[in-house]
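Colleague: sequence unknown, structure follows:
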Ligand SMILES: Cc1cc2nc3c(=O)[nH]c(=O)nc-3n(C[C@H](O)[C@H](O)[C@H](O)COP(=O)(O)OP(=O)(O)OC[C@H]3O[C@@H](n4cnc5c(N)ncnc54)[C@H](O)[C@@H]3O)c2cc1C
């Protein structure tokens, strides 16, 4: 498994999913509509590929994906 | 439970093919015309299919199934479709098998599995998969049905439309919001007994294809359901939906593919035999090219579903597979049905098998998520999964 920084995750979201719109690592992503479910799937595919991990489908929850910080906190648990 | 000798997969395929031909195809034209308004038109056939082991093919043996692998189950269900001319029945059976029974067997607790799986496998109960709402078809984040926590369970409110088997189902897997603060991410899945007070079922829709089984609306008005109805944990509805729809997308057309094979063979025979002026139409390259393309679409579809089955049997998770299968197989089913109709000329335009295939297969590009949505999902994965 390879590590990935919070900033790298934020940069990926900004560049690939949001057409360059910046997001901070603490910004709420789901309720705000910044990431729709397709955006979350793109992020999951990115994390799985870059970190060489498998994220169980049942772990793709509000708690684990509501901000970059939450995502990285969750990644530390697997 | 005593041991019974399981048939080899080849024997099982033969048995399912014959059963599809001799039993499930009976009277299909009349039943298609009547449109499943009366449950007696399909219920007996459903139960015969269950008793033949169709709904138990991949279910654990302790719940009355045969516990076969995904690869073998696909083969057997493909054979069922080769014999069976009733695509509505094939859709209903495969829908229950992949979208509902399999998700209860994976996400259900021991009590839920013991309560529901034997009854579903045996055909005593029929299950519906209730996701779609007026404002939530392609986009499941539009779901508005709610399940509010009460002292002993939940109070369910909402309306689900386009639900397969709903007009006569005994139980439904229902998706509803339990935590409105989390929006669509606050969704949970429930197994709801449809005899509960406050549940109403519509009459069957008068739809264009798959007319031999009913589709309709389920309405929940202050339906009190016990805590034990919750499937998985509260808030896991999104994950359960994504997982169960993935199985559905990969395997729901297992038997339709068998029907596609039969249609292909019958089209070859028709084009070989139809010889106005003594020259078989198959000897026109325009016609033979069409049939060659039909063969290629069938072979690719078969390989795609087999590959999806092999991945699951080997424990490989490939998030893109279900969308690739759904998109490709549904489009192939419809295209082959249209080509078969074209090759038959005016005779394919008479009401009957050929035009029924077109009406049935036209529904496959929408149910379980439209082709447009599968393309969006594939693109979403591609964007993340290719390394820079
Ligand atoms: C035969 C049949 C059986 C069904 N059985 C069930 C069942 O058992 N349970 C259940 O819950 N549901 C069932 N459905 C419903 C089915 O899942 C929905 O019809 C389907 O998801 C599409 O939703 P919709 O009809 O609201 O169309 P819409 O979502 O309104 O889409 C209309 C059109 O717009 C396109 N579109 C929509 N959004 C986008 C977008 N973002 N990008 C590009 N194109 C877009 C769609 O591809 C489609 O062409 C069934 C449907 C059929 C036809």
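Modeller: Ah, there it is. Every value quoted in this text rests on a predicted model; they were computed, and no experiment measured them.

Colleague: what are the ranges of the helices in the stretch 51-200 of chain B?
Modeller: Listed in chain order, the helices of the stretch 51-200 of chain B (DSSP state H, counting those that start in this stretch) span B:70-83, B:87-95, B:102-107, B:110-121.

Colleague: just so I know, which of those helices lies nearest residue A:47?
Modeller: Residue A:47 lies closest to helix B:102-107 among the helices of the stretch 51-200 of chain B, at 23.3 Å (Cβ to Cβ). Heads up, the C-betas are built off the backbone N, CA and C, glycines and all.

Colleague: and that closest one, anywhere near the ligand?
Modeller: No - under the criterion of Cβ under 6 Å from any ligand atom, the ligand is not reached by helix B:102-107; the shortest gap measures 13.0 Å.

Colleague: Give me the buried stretch members for that helix, please.
Modeller: B:102, B:103, B:104, B:105, B:107 (16 or more other Cβ atoms under 10 Å in any protein chain shown).

Colleague: outside of the longest helix seen in chain A, which residues touch it?
Modeller: Determined from DSSP state H, the single longest helix within chain A is helix A:37-51. Helix A:37-51 is contacted by residues A:1-4, A:8-9, A:12-13, A:16-17, A:30, A:35, A:53-55, A:60, A:65, A:71, A:75, B:140-141, B:184, B:238, B:319, B:376-377, B:380-387 when judged by Cβ atoms under 8 Å, 6 or more residues apart in numbering or on different chains.

Colleague: 6 Å instead?
Modeller: A:1-2, A:4, A:12, A:17, A:55, A:65, B:376, B:380-381, B:383-385, B:387 (Cβ atoms under 6 Å, 6 or more residues apart in numbering or on different chains).

Colleague: Now tell me which of the residues you listed the prediction trusts least.
Modeller: pLDDT across the contacts of helix A:37-51 is lowest for residue A:1, at 68.

Colleague: wait, is residue B:222 part of a strand?
Modeller: Yes - note on residue B:222: a strand contains this position according to DSSP: H, G, I helix; E, B strand; the rest coil.

Colleague: can you pull the contacts of it?
Modeller: B:155, B:198.

Colleague: Next one: it from residue B:171, what distance?
Modeller: 19 Å (Cβ to Cβ, to the nearest Å).

Colleague: Compute the distance between the residue positioned nearest the centre of chain A and residue A:64, please.
Modeller: For chain A, residue A:43 is the residue whose C-alpha lies nearest the centre (Cα atoms, centre = their mean; 4.9 Å). Taking Cβ to Cβ as the measure, residue A:43 falls 11 Å from residue A:64.

Colleague: what does residue B:165 give?
Modeller: 34 Å.

Colleague: Check residue B:301 too.
Modeller: On the measure of Cβ to Cβ, residue B:301 and residue A:64 end up 36 Å apart.

Colleague: again with residue B:93
Modeller: Where residue A:64 is concerned, residue B:93 sits at a distance of 36 Å (Cβ to Cβ).

Colleague: These two: who's more crowded?
Modeller: Per other Cβ atoms under 10 Å in any protein chain shown, whichever of residue B:93 and residue A:64 has more neighbours is residue B:93, with 27 against 15.

Colleague: residues contacting the more buried one?
Modeller: Here residue B:93 is in contact with B:49, B:54 (Cβ under 6 Å, 6+ apart).

Colleague: same thing but at 7 Å, please
Modeller: B:49, B:54, B:55 (Cβ atoms under 7 Å, 6 or more residues apart in numbering or on different chains).

Colleague: What about the residues you listed, which one has the most neighbours?
Modeller: Within the contacts of residue B:93, neighbour counts (other Cβ under 10 Å) peak at residue B:54, which reaches 28 neighbours.

Colleague: Verify the stated contact: that one with residue B:83.
Modeller: No - counting by Cβ atoms under 7 Å, residue B:54 stays clear of residue B:83, with 11.7 Å between them.
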